[in-house]
Structure formats: structure tokens, C-alpha cells
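> next input, structure requested:
(3 chains)
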Amino acid sequence: MPGPFTLGQIASRLGGRLVGDAATLIRQVGSLEHAAGGQISFFNSRKYLAQLSGTHAAAVILAPEDEKLTGLPRIVVAQPYAYFARVSQLFNPLTQQAPGVHPQASIAPGVKLGERVSIGAGCVVGEGCSIGDDSCLYPRVVLYPGCSIGKRVILHSGVVIGADGFGIAPEEDGRGAVGWVKIPQIGSVRIGDEVEIGANSTIDRGAIDDTVIEDGVKMDNQVQVGHNCRIGAHTAIAGCAGIAGSTHIGKHCIIGGAAMIQGHIRIADHVTVSGGTTITRSIEQAGTYTSIFPFEEHKSWTRTAVLLRNLDDLFERIKKLERKGPAE
Amino acid sequence: MPGPFTLGQIASRLGGRLVGDAATLIRQVGSLEHAAGGQISFFNSRKYLAQLSGTHAAAVILAPEDEKLTGLPRIVVAQPYAYFARVSQLFNPLTQQAPGVHPQASIAPGVKLGERVSIGAGCVVGEGCSIGDDSCLYPRVVLYPGCSIGKRVILHSGVVIGADGFGIAPEEDGRGAVGWVKIPQIGSVRIGDEVEIGANSTIDRGAIDDTVIEDGVKMDNQVQVGHNCRIGAHTAIAGCAGIAGSTHIGKHCIIGGAAMIQGHIRIADHVTVSGGTTITRSIEQAGTYTSIFPFEEHKSWTRTAVLLRNLDDLFERIKKLERKGPAE
Amino acid sequence: MPGPFTLGQIASRLGGRLVGDAATLIRQVGSLEHAAGGQISFFNSRKYLAQLSGTHAAAVILAPEDEKLTGLPRIVVAQPYAYFARVSQLFNPLTQQAPGVHPQASIAPGVKLGERVSIGAGCVVGEGCSIGDDSCLYPRVVLYPGCSIGKRVILHSGVVIGADGFGIAPEEDGRGAVGWVKIPQIGSVRIGDEVEIGANSTIDRGAIDDTVIEDGVKMDNQVQVGHNCRIGAHTAIAGCAGIAGSTHIGKHCIIGGAAMIQGHIRIADHVTVSGGTTITRSIEQAGTYTSIFPFEEHKSWTRTAVLLRNLDDLFERIKKLERKGPAE
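Residues are numbered from 1 along each chain as shown, chains lettered A, B, ... in the order given. Sure thing, here's the model as predicted:
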């Protein structure tokens, strides 16, 4: 574990304006609520004012407009949360796994590994894959043949990259559906630099062309990305989201948890999709988009659901009322 | 396989009032529909009256109010389904895996294993983890470093405990979003006693403090629990549900399949969330909550969807009609 | 890699009417957009007319009504997409894994393996399982004990077959809920021929009777099938869909991505469930069913959500307006 560092050393390494005792010794980061001596915390929102007042943190990172809210030694910066992240990186390694290939991993011949790559127990890396410098595959990641992974990529346990996309063609005879013909999935997956993919997420190989995850994309757990998708640089995708095949998402988008984006559509840059939202057609304008049925106590919901099915009737009744007109 | 037992032996061991031949020999449990000779079944709902009449079960477990519905040997108890579960446990081991560590598992040095722990092939247990007595990890479970698992816990295949939470801080320069800074996830995961977690579910480690799963929690497959969540004792979470980070769920809750609970909220004890429901804010009252868009034949749905987008207009038109007033 | 074949050889092997130079040499399939020399593509929809005009493909597969849209050598068939799938199968093996059991797989004693079965690294096959001829388990598939897998089945990485179903019985004392009693899951899973199951999908074993996946079923990634489900032959289930326990789905159904089908219901043959749809009761008629809340720009959605909660009030106000009647 690196450190300790004084507050002054932190500010001189990462920037920010120091207020208070520069010699304050910092050993680790902590939350406002539970920080103990020697820990530095951050303050980001006035919602947590009570926690700021009561904190046992040794120092706090906060924004200029909040500077006067505490008498503790502090670092004042425009973006306290991002700064806190960098401070935490000083004290804590970005991955918990040493470089090298675990003896219980299975690496096919001809795989290209960069420097300081870390591959955990039970990983399986198929023929023709390449993995860039400083990337980390936690235990039990599978790369199907031919996938390329950039530098400083983190793949969490259970991730599967390059399984066959869901490519099946319906076959009929004169009387209707007979079954499905599998379309060999001969594209691959290309993942850029500084991508992180959460546990048990899956990214399918392309049907003919490749599936592409651009630099800096961050995905949470149990995300599914279909074949031939392209996810733009620095887009973040929260847990349980699903992106159906051939959809292209722009750069700097935020896709909320359990959001579902249908196939063959285009999402512009800087789009936010709320958690639990289903996107059924392309979005051309930056902005935030939502489609959540507001939850209610079950009995009220039952009533709302019935009324919703009868909206049609409601419109008809209003039309009727309108037609009666002022003459009556 | 334990047994056989007579009906009398079962009742004397597990309680309940025996009606009929105590010597009836029971070898296994079965469903009313498919039970064969020597099998005991249960009856729980008048919906299954026809199946009760036609059953080939040797004996039936049922409630006092249903006692007269069959002439078969029977055990009469207040909670037939829970009793049936206990009878089934008499005949069937709770896990299908013998105690011991499989030679193809990878256990880091310093891991603390309780007595009679069972760890299947391909499991990976990181440094500093502890696993309580009589717990079972089916093949291919991963515990990241530092996680603690209670007693009599069952973790199904593909479960990942303690992967990094989705902690990323946005970074901007003067012109807008630049990218994300990873926040090292230095908390851990603590799982209580008698917890069961379904296949391919994921529970993330805390950002700073720990993620906590209390005693007796039961989770189905493909459930995702974000960092710093706390799931209260004896809460049951059905398949594909997702709980976003820092959310606390009370005790004795039931979270339906594919439900999605947003981050940083509080759910009281004894709350039921219906399957397919999205919870977007805290719930302070016990009760059942729902947010499902009622499904319809596609054409009707198309109409409903358009009308829904025009609700605003509808309200305006009604206001207009109301303003005309009785004077006209 | 098999091939090359002339266009004439392809047509004589797979049928279809050949127009243009039968000696055209084909080495691989390609997309209209990116095909290079020696590649054959397909044309399926007038949406892609511009791509057809600009394509560098050596030949195209298309329907009789589109025959005149290109001057390229072509094969004219009633179902171009299914035909394209078969052509691609000529050039590309259906699985990327050689037959045989990987030394890092764990196969219990007494497992029955058919001919030419392929089992990847890290797979775990429990006691009493059977796997039919020509089936392929990609790395890290787990079969719990007693599961049977048909012929020509493809199971992708991370699939878990036969984990315990979510069978728990609530137990109460006089004062309310105490906790859950686990019901041993003693049924199994039976999977038919020509089934394909996507990465990280899970299919639970039956509580008492078996869970059944019939012939020709195709599932995408991260699909969850609960205990005692029956999925009818040739039904296709897209990514992230969840089928709760004891639900029976008919033959030739299409279940869209992230659809959620509640437990204990029946879905008729030839039903299509749209992506993102929640099905809460049985469906007896073939057809397409949908329940998606239409997404909107977030501010508009906020308004719609409020109005939706007030639908009740709206109906009341209309009733009031109607009661005023023509007399006024």
C-alpha cells in the first residue's frame, strides 16, 4: 500500500488549492460518514452537510463555493469527485491482481500479450487474440478467438467477449415457420484503450464486420452488447443494460441501469438514457430520455392500468363532449 | 439418498397432525400431477383441486381447512408448503456437492475455510476471504479478495462476489466532458448466514465502506447488487433484478423478477416490489408496489402509446370544456 | 477454411436460380457495405438499395422481386437471408472449437458423451449428465448433475444449466414472517437437439419435475429460464429476457430482448413478445404483444408521468362533464 502522504504532497502532485495544515498526514481515503483519523474525504453536495459537520476525516476535498463550510484542512478544486478519485488512486492500486499469467489460465498459441498484462485463474484466451499493455483480466474471463483488447483495459470476472452474435435466419416452407438457420458469426470484437467491463457482461462478435468498443468506455456488471454494435468513446453503461445488435451509440453517452436499447438504431453523442428506459428508435439530439412507468401502491396501479387500456375510450368521450359545442 | 420413512416417522420428526395409515411408506416427494407410489405431495390452493382428486401420491400435506378434500393418508399443518420443504429436505441433500476443495479450484493463501465447506471445480477465492461452516460454492464461483461469507451459504455457479463497484467520476475541461476517472473500490462484501445466491449473480464490493447482505437473504439467478447496498435479513430477490449502488433494502422484502431499484434510495421492511417494476425513489411504508405497463396486442398498444404521449393535450381539452361552464 | 466455390457450385449444392457468370469464384461471405472481391452478399430490403448499388461484392443473393436491381452475378431465391446463412455455413465452421475434451475441463464419472462432442477449457459437467453427438460446450459452461443435452447443441461460455430453481417456502410464526425454507430442487433439465444458448444464460433445474427446452430453441446471451419452464420447439429468445418458473412457452415463438414473462403462465404457439415487454398473464392467441412505455425527452416524460398518476381524476372530470348533459 503506497503512502502516507501529507496534504501538501497530495496538492503539489495533483493540484488544487490547499487550505489549512499542509503537514496533515493522509493514509487513506474514507467516506464523510465513516472516515477515521488519517483519512481524506470529499464533499460534493449540500445534501451531506450534516455528515460534513460530524465527520472524523482528517481533511476534505471540496469546491470553492463550499470552502467555508468546514474548518478542516482541505483541498479546494473545481471537481472534487474527480479529484477524490485521483487521490484514491494514489493510495490504492487500480487492480487487485499482479501482472502475469495464472497457471490455471488457458492461453491459446499465438496470442499476443502486451507488457505487464495480468490474467487471472480460469481465464481462457482464444487463438489470435491480442491484449494491450497493463490490461487486467480477472479470473474466469473468456475471450473467443480473434478478439483484440487495448491497453489499460480491465475485464472483470465472468466477462465473455466474442461469443457468437444472435444471428439466425427464419426458414419457412409453404405452410409457415420451420425453424432457424444459424448464420456463422465471422466478425470479431475490437476493444479500445482504458475500457472497463463489469462482471458477467457479454459482448458478442460481429456477424460479418466487427463489434467495436471505443476508448474509455466504462460498463458495469451484466451488460449485454449485441453483434455489430459500436459504443462511442467515453460512454458509460450501468448494470443490466442491454444493447441489441447493430446499434451505434455515440461518444460521452450515459446509459442507465437496466436500460434496453433496441437493435439497428443510432444514438447521438452526449445522450443520457435514464435507468429502466426502453429506447425503440434513433435519437439524434443530445439530451436525457426516459420511459419509466411511474410506480404506485399496487391497488392504485391496478386502477391506472385499467384506465390506460381505456385511454382510447377517454379520447372518444372528450371528442363527443367537444362536438356538443357551445350551441347547447 | 436418505429414507424411506413412514408417514408416522415424518410427523413425529417434523410435527403436524397425521390422518390415515401411519405406516404408509414414503420414499420421496412428488408433484400432485406426477407423483408415483411412495411419494408425498402437498396441496396449497383450490386451483389444484382436480390434480388432488387424480393424484397417485401415497400421502398429501395440507391445511386444516382442506383436510376433508382427500381420503389419502395425510399430514395436516398450518403451512403446508413450508412443511413440504422440510419433508423434501429429509429425503434430499440441500446441496449436490460433497464437502472439500476441488483440485481445480484456486484458493489464495490465507483464506479461512470453516468446517465442511464445499468448493467446486473452477472456483477462485481471493486473498483474505473467509467462508463459514457448511457453505457450498458450486463450480466457477469467484470471490475477489477480502470478502467474507457466512455459514450454510450456497453460491451457485458463475456467481461473482466483490468485483469493483461502478465507481467512476466524470472529468471535464472548460469545453465539456473529457472522460471518467476510476475510483478504486476499497470496501468489501460481507454476506451473512443462510444466504443463497443464484447462478451468474453479481455483488459488487463497496467503494469505501462494505456492501452487506444480511442473514437469510435469498437471491435468484442473474441478480445484480451494486456497491454499498445493504440487503436486509430474509429478503428474497427474484431473477434478473438489479439493485443500483448505495441502496438499502429492508428486512423480509420480496423483490420480483427483473425489478430494477435505482441507487441511493431506502426501502422499508416488508415491502414487495412486483416483477418488472422500476423503483425510482424511497419507499417508507410496507406494502406492494408496481409499475408495469399493461401489455396489449401490438396494434392496440401502438394506439395507447400515441395517446399517452398526448395526455397533456387531453388534460388541456378537459380544462377547456370545464371552463365553458354551466352558463352555456 | 473450406472453399473457394464457384457460384455455380453453390447453386447446385444449395439450390436457387443462378443469373450471370456461373464461374464467379466465391471465397467468403461479406456485408453489402464492406464486401471485397470474392465475397458474396445478400439483399433483403429496399432500405439497403444504396448499399446494393455501391457494393463491391462479387455476387448477391436476392429475391425474385429484386432480381433486376443489380447487374451483378446473383442467386435468386425465395428466402435470401436463410439462403445466405446456408452459404455462410459452407465457408465457415458452425463452431470455432475442435471436438474433444479440453484437459482443463472437469467431467464427472459416468457422464455420457456422444461422438464428436467438443468441451472447452474450464467446463464442468456433473454426474449423470449426457451430451449428444456433435454438441459444443464453449469454455466455462457448467452442467449440474443429471442434465441431458441433445445433439448439435451449442452452449456458449458462462452458461449454467441445472442450478437450483428459486424454490423457497415462506415460514411464519404467529407474529409474521420468520424466513424461508429451501425446497430441494430434485428435477433436472432436458435440452433437445439443435438448441443454441448464448453466453452467461442460465436454465434452472426443476423443483420436482424437469425443466424442458425443446428441439431447435435458440437463446441469446443472459437469458434466464426458471425451474419447470417448458420452451416449445424453434422458439427464439433474445438477450436479457427472463422467463419465470413454471411458465410454458409454445412453439415458434419469438421473445424480444429484455422481455420478462411472469411465472405459471401459458403462451400459445407463434406468439411474438416485443422487446422490453412484461407479460403478466397467459396468451392464448398467436400474435404480437407489447407493453413498452414510449420514451420521451425527460421533461416531457415527467409531465406524462404526473398525468398518468392522475388518470383517475381525469376520468372523474369527464364523467362530471358528461353528466351535465345537453340540458345545460
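> get me the contact residues on the stretch 151-300 of chain A for chain B.
Contacts of the stretch 151-300 of chain A with chain B, taken as Cβ under 8 Å from any Cβ of the partner chain, map to A:154, A:156-158, A:194, A:196, A:198-200, A:216, A:218, A:220-222, A:233-234, A:236, A:238-240, A:252, A:257-258, A:270, A:275-276, A:292-298. For every residue, glycine as well, the C-beta is placed using N, CA and C.
> is it true that A:Pro99 touches A:Gly120?
No: counting by Cβ atoms under 8 Å, A:Pro99 stays clear of A:Gly120, with 11.2 Å between them.
> how close does A:Leu113 get to chain B?
According to Cβ to the nearest Cβ, to the nearest Å, A:Leu113 and chain B sit 20 Å apart.
> give me the more crowded residue out of A:Pro99 and A:Gly120.
A:Gly120 (28 against 14; other Cβ atoms under 10 Å in any protein chain shown).
> pop the domain breakdown of chain A in here.
Residue ranges of the domains in chain A are recorded as A:5-91, A:100-289, A:298-328, according to automatic domain parsing.
> average pLDDT across stretch A:234-250?
Averaging pLDDT along stretch A:234-250 gives 98.
> pull up the distance across that stretch, start to finish.
In stretch A:234-250, first residue to last residue: 9 Å (Cα to Cα, to the nearest Å).
> pLDDT score for A:Asp312?
Among the per-residue scores, A:Asp312 shows a pLDDT of 85.
> next up, phi/psi of it, please.
Recorded main-chain torsions at A:Asp312 are phi -50, psi -50, according to degrees, to the nearest 10.
> convert the helix or strand hosting A:Ala82 to CSV, retaining C-alpha atoms only.
Using DSSP states H and E, A:Ala82 falls within helix A:80-91. This file holds the C-alpha atoms of helix A:80-91, laid out as CSV (Å, rounded to 0.1, in the frame of the first residue of the first chain):
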residue,chain,number,x,y,z
PRO,A,80,-14.0,17.4,-6.0
TYR,A,81,-15.3,14.0,-7.0
ALA,A,82,-12.8,13.5,-9.9
TYR,A,83,-10.0,14.8,-7.7
PHE,A,84,-11.0,12.4,-4.9
ALA,A,85,-10.8,9.6,-7.5
ARG,A,86,-7.2,10.6,-8.3
VAL,A,87,-6.3,10.9,-4.6
SER,A,88,-7.7,7.4,-4.0
GLN,A,89,-5.6,6.1,-6.9
LEU,A,90,-2.5,7.4,-5.1
PHE,A,91,-3.3,5.2,-2.2
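> which strands and helices lie in contact with it?
Judged by 3 or more Cβ pairs under 8 Å, 6 or more residues apart in numbering or on different chains; DSSP states H and E, helix A:80-91 is in contact with helix A:7-14, strand A:28-29, strand A:39-42, strand A:59-62, strand B:168-173, strand B:176-182.
> so which of the residues of the stretch 151-300 of chain A next to chain B are in strands?
If you go by DSSP state E, these have A:154, A:196, A:218, A:236, A:296-297 in strands.
> now for the residues you listed, which pair is the farthest apart?
A:Ile154 and A:Glu297 (41.9 Å; Cβ to Cβ).
> quick one, which of these two is more surrounded?
Neighbour tally, A:Ile154 and A:Glu297, criterion other Cβ under 10 Å: the higher count belongs to A:Ile154, 23 against 13.
> what's in contact with the helix holding A:Ala82?
With Cβ atoms under 8 Å, 6 or more residues apart in numbering or on different chains as the test, helix A:80-91 has contacts from A:1-3, A:5, A:10, A:13-16, A:26-29, A:40-44, A:61-63, A:75, A:77, B:167-171, B:181-184, B:186.
> tell me the helix or strand right after it.
Assigned by DSSP H and E, the successor of helix A:80-91 is strand A:100-101.
> and the following helix or strand past that next one, what does it pack against?
Sequence order places strand A:106-107 as the next helix or strand after strand A:100-101, per DSSP H and E. Secondary-structure packing of strand A:106-107 (3+ Cβ pairs under 8 Å, 6+ apart): strand A:124-125.
> listing partners with orientation, what would you give for the strand it packs on?
strand A:106-107 (parallel), strand A:142-143 (parallel) (DSSP bridges).
> for the very next helix or strand once past the first one, name the packing helices and strands.
Looking back up the chat, that one is strand A:106-107. Following strand A:106-107 in sequence order, the next helix or strand is strand A:112-113 (DSSP H and E). Strand A:112-113 sits against strand A:130-131, with contacts defined as 3+ Cβ pairs under 8 Å, 6+ apart.
> pLDDT (mean, whole number) over the strand it packs on?
Mean predicted lDDT for strand A:130-131 stands at 98.
> sketch out the low-pLDDT regions of chain A for me.
Counting by pLDDT under 70, chain A shows low-confidence ranges at A:325-328.
> got the residues of the stretch 1-150 of chain A near chain C?
Checking the stretch 1-150 of chain A against chain C by Cβ under 8 Å from any Cβ, the hits are A:104, A:106, A:122, A:124, A:126, A:140, A:142, A:144-145.
> between those, which has the most around it?
A:Arg140 (33 neighbours).
> does A:Arg230 touch A:Ile249 like I think?
Yes: with contact defined as Cβ under 8 Å, A:Arg230 reaches A:Ile249; the gap is 7.2 Å.
> the more surrounded of these two?
Neighbours per residue, other Cβ under 10 Å: of A:Arg230 and A:Ile249, the larger number sits with A:Ile249, 26 against 20.
> residues touching the residue nearest to that one when sequence neighbours are not counted, list them.
Spatial nearest neighbour of A:Ile249, excluding adjacent residues (Cβ to Cβ, 6 or more residues apart in numbering or on different chains): A:Ile267 at 4.5 Å. Contacts of A:Ile267 were listed using Cβ under 8 Å, 6+ apart, and they are A:247-250, A:253, A:261, A:273, A:279, A:282-283.
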